[in-house]
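Asks: for reference, the sequence and a predicted model appear below.
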Amino acid sequence: MNELSGLFQFLNDSHLGVTIRENDYLFPSIESLHVLADAVVFGSIAMVDLHLLGVTFKRSQFTKVSSELLPFTWVAFFFAVISGALLFISSAVNYAANSFFQFKIALLLLAGLNMLIFQRLISQDHHRWSQQSQIPNSARWAGLISLSLWIGVVLCGRWIGFTIEPVLAN
């Protein structure tokens, strides 16, 4: 953990970290981009998950829904990761010590694992889903788990700003 603390302190004290943190317009601009990107990521994933749960796009095939929405998800996710990394660098020591930030990262990793399991195991026969009257239960569960994890990511992200406390570096 000592190596990570040193890395967080290095990022925190870097020219980029100080510039973002001390500029009146840079941090709020990056944060605005992050929030907008997060909204697109969450919104597009939620629409796919809700389709898996049988709530939205009831007459559309999964392939059509996902192929139309997921490109938006990936572009927005790229911007969310870049802007999130810049926000982290601006106060790395504080973010790393924040339990809501830690939980958000854990939920993001679990959401990625859920997506990997869905892609590798569950959706392999998605072409047959259109012939069935209903999406299989395993896909529905994956959608419910995904939606729950992403709601957790959003909630934790909002709480980070309200729970950040200054952490004095050694």
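Replies: Alright, I've got the coordinates. Numbers count the residues shown, from 1 in each chain.
Asks: what about the nearest residue to Phe103 once chain neighbours are set aside, helix or strand, and which?
Replies: Spatial nearest neighbour of Phe103, chain neighbours left out: Cys156 (5.0 Å); criterion: C-beta to C-beta, 6 or more residues apart in numbering. Just so you know, the C-beta spots here come from the backbone N, C-alpha and C atoms, and that holds for glycine as well. Assessed by DSSP states H and E, Cys156 sits inside helix 137-163.
Asks: name the next helix or strand downstream of the longest helix that the chain contains, please.
Replies: Secondary structure of the chain per DSSP state H: the longest helix is helix 62-90. Using DSSP H and E, the helix or strand that follows helix 62-90 towards the C-terminus is helix 92-97.
Asks: how far does the helix or strand following that next one sit from the chain's center?
Replies: Downstream of helix 92-97, the next assigned helix or strand under DSSP H and E is helix 99-117. Centre-to-centre, helix 99-117 and its host chain are 8 Å apart (C-alpha atoms, centre = their mean, to the nearest Å).
Asks: list the helices and strands helix 99-117 packs on?
Replies: If contacts are counted by 3 or more C-beta pairs under 8 Å, 6 or more residues apart in numbering; DSSP states H and E, helix 99-117 sits against helix 137-163.
Asks: what's in contact with stretch 11-29?
Replies: Outside of stretch 11-29, the residues within contact range by C-beta atoms under 8 Å, 6 or more residues apart in numbering are Ile30, Leu86, Leu87, Phe88, Ile89, Ser90, Ser91, Ala92, Val93, Asn94, Ala169.
Asks: what's the local residue count around Phe153?
Replies: No, residue 153 isn't Phe; it's Val. As a burial measure, Val153 scores 22 neighbours (other C-beta atoms under 10 Å).
Asks: that one touches Leu107, doesn't it?
Replies: Yes. Proximity of Val153 to Leu107 meets the contact threshold set by C-beta atoms under 8 Å, at 4.8 Å.
Asks: can you pull up the most central residue in the protein?
Replies: Leu108 (5.3 Å; C-alpha atoms, centre = their mean).
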